[in-house]
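1. no sequence on this one, just coordinates:
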């Protein structure tokens, strides 16, 4: 069974009816359990569970410390291109946006690597717009070979590939994949992605599975919060992560919680996800999947990220630049507007003050 087939089982599920049926006593019973079912997880995402967010946070903290200790991995994204063939109505890189398009040379990539390394960071996320013509598989392979000279861990966030494509990049040195489904609502997905290869909902949904079959070590999923209903989107993302963990037991599975940020597209979110709801989602996921990497990026403010640290966060971006080659030169508009603009040292200090340790590479804690 693929995750697409698993999700189809919920095609006629009424999330509103389920939410209305949940009682406070149900939440109290769930919080006493050591292992949660999918229904338990869904219950923890309902409005009734919001009343219990403090209890959820305490339990999420205990589980996280037991699983990962008090360590937060720091990473930086490196955007190598903003060329894109897709029309994603919410994205700053959408093909319909009138922005300056750039692609880095390998010399420019190396220059950016040197700057990021000066920060002390050794975890890198290679990011590009979705244009196989401009950023071919061969180009991406060469990018990874450059990154290998500077970084201990290389993750990628690129357009979906087939298994052979991922095998090629894995052989070059990539070991992690991040890909957002954006929304798990198939009908809404089609209205938000009107042009380009990304309009293929099912192919994108199965991307992590193809990367896992290509022996990627880390698989990270996410939904873009604000595009659709909060409860169903977090529920399906959590189910997706759980499916991948069961299918690839030797992989490290992760989940991101990106909230929509302003872009040149001026897209207005369908729903507003409050800070408290985001906390609820993070805690619910931690209780549902005890061992899962949870990433919060610079889409969130420094002050809010500090509050999230004890709740189960294991990975944070720092000093992020979301413009192409933004660490050495401002090439124009970024993919979105960053919220936390603090330096790596300031992020490290924030983590220290929260009682945790920033991890710059797998074997080194500062």
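-> It's in. As the structure is a computational prediction, the values presented were derived from the model and not from experiment.

2. avg pLDDT for the longest helix that the chain contains?
-> Using DSSP state H to assign secondary structure, the helix with the most residues in the chain is helix 230-247. Averaging pLDDT along helix 230-247 yields 97.

3. downstream neighbour of that helix in the secondary structure list?
-> strand 252-256 (DSSP states H and E).

4. Run the chain-centre distance for that following strand.
-> The gap between where strand 252-256 is centred and where its chain is centred comes out at 7 Å by CA atoms, centre = their mean, to the nearest Å.

5. Tell me the strands beside it, with direction?
-> strand 218-223 (parallel), strand 293-296 (parallel) (DSSP bridges).

6. Let's have those strands in CSV, adding distance to residue 203, mean neighbour count and mean pLDDT.
-> For every residue, glycine as well, the C-beta is placed using N, CA and C. Formatted as CSV, those follow (distance: least, CB to CB, whole Å; neighbours: other CB atoms under 10 Å; pLDDT from 0 to 100):
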stretch, distance to residue 203, mean neighbour count, mean pLDDT
strand 218-223, 15, 24, 97
strand 293-296, 24, 23, 97
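
7. where along the stretch 1-150 of the chain do the strands fall?
-> 71-81, 87-88, 123-128 (DSSP state E, counting those that start in this stretch).

8. would you turn those strands into a markdown table with mean neighbour count?
-> Rendered in a markdown table, the data for the strands of the stretch 1-150 of the chain read as follows (neighbours: other CB atoms under 10 Å):
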| stretch | mean neighbour count |
| --- | --- |
| strand 71-81 | 23 |
| strand 87-88 | 22 |
| strand 123-128 | 23 |
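
9. want to throw the ones you listed into CSV with distance to residue 359?
-> Converted to CSV, the strands of the stretch 1-150 of the chain look like this (distance: least, CB to CB, whole Å):
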stretch, distance to residue 359
strand 71-81, 5
strand 87-88, 33
strand 123-128, 8
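
10. what's the closest of the ones you listed to residue 24?
-> Closest to residue 24 of these, according to CB to CB: strand 71-81, at 33.1 Å.

11. what mean pLDDT does the closest one have?
-> On average, strand 71-81 scores 96.

12. Check the offset of it from the chain's centre.
-> 11 Å.

13. begin at 13 from here
-> New numbering, starting at 13: the last item is strand 83-93.

14. In stretch 159-166, which residues are buried?
-> 159, 162-163, 165-166 (16 or more other CB atoms under 10 Å).

15. which residues touch the residue nearest the centre of the chain?
-> For the chain, residue 268 is the residue whose C-alpha lies nearest the centre (CA atoms, centre = their mean; 3.1 Å). Applying CB atoms under 8 Å, 6 or more residues apart in numbering, one finds that residue 268 lies in contact with 190, 192, 232-234, 306-309.

16. how does it look with 7 Å?
-> Neighbouring residues of residue 268 by CB atoms under 7 Å, 6 or more residues apart in numbering: 190, 232, 234, 307, 309.

17. Distance of the last one relative to residue 234?
-> Spelled out, that is residue 309. 10 Å (CB to CB, to the nearest Å).

18. Find the residues that touch each one of those two.
-> In contact with both residue 309 and residue 234: 268, 270, using CB under 7 Å, 6+ apart.

19. What is the neighbour count of residue 42?
-> Neighbour count for residue 42, taken as other CB atoms under 10 Å: 21.

20. For it, which non-adjacent residue is spatially closest?
-> Excluding the flanking residues, the one nearest residue 42 by CB to CB, 6 or more residues apart in numbering is residue 52, at 4.7 Å.

21. now swap in residue 68 and tell me
-> residue 295 (4.0 Å).

22. Report the residue spans of this structure with pLDDT below the cut-off.
-> 342-344, 374-378 (pLDDT under 70).

23. what about 90?
-> 13, 99, 103-112, 207-209, 272-284, 324, 341-350, 372-378 (pLDDT under 90).

24. next one: stretch 356-374 to chain centre, how far?
-> When C-alpha coordinates are averaged (CA atoms, centre = their mean), stretch 356-374 and its chain have centres 20 Å apart.

25. which other residues reach it?
-> Against stretch 356-374 from outside (CB under 7 Å, 6+ apart): 82-86, 131-135, 164-165, 314, 318, 321-322, 328, 330-331, 377-378.

26. Which of those fall in helices?
-> Among the contacts of stretch 356-374, DSSP H puts 314, 318 in helices.

27. ok, residue 307 touching residue 266?
-> Yes - using CB atoms under 7 Å, residue 307 is in contact with residue 266, at 6.0 Å.

28. okay, and the common contacts of those two?
-> Common neighbours of residue 307 and residue 266 (criterion: CB under 7 Å, 6+ apart): residue 232.

29. okay if I get the strands paired with strand 264-268 as TSV plus distance to residue 290?
-> Converted to TSV, those look like this (distance: least, CB to CB, whole Å):
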stretch	distance to residue 290
strand 230-235	12
strand 305-308	9
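
30. returning to that earlier point: so which other helices or strands are in contact with the longest helix of the chain?
-> Helices and strands touching helix 242-259, by 3 or more CB pairs under 7 Å, 6 or more residues apart in numbering; DSSP states H and E, are helix 15-20, helix 27-33, helix 50-55, helix 219-225, strand 230-235, strand 264-268, helix 287-300.

31. Now that helix: buried residues?
-> Those would be 242-257, 259, for helix 242-259 by 16+ other CB under 10 Å.
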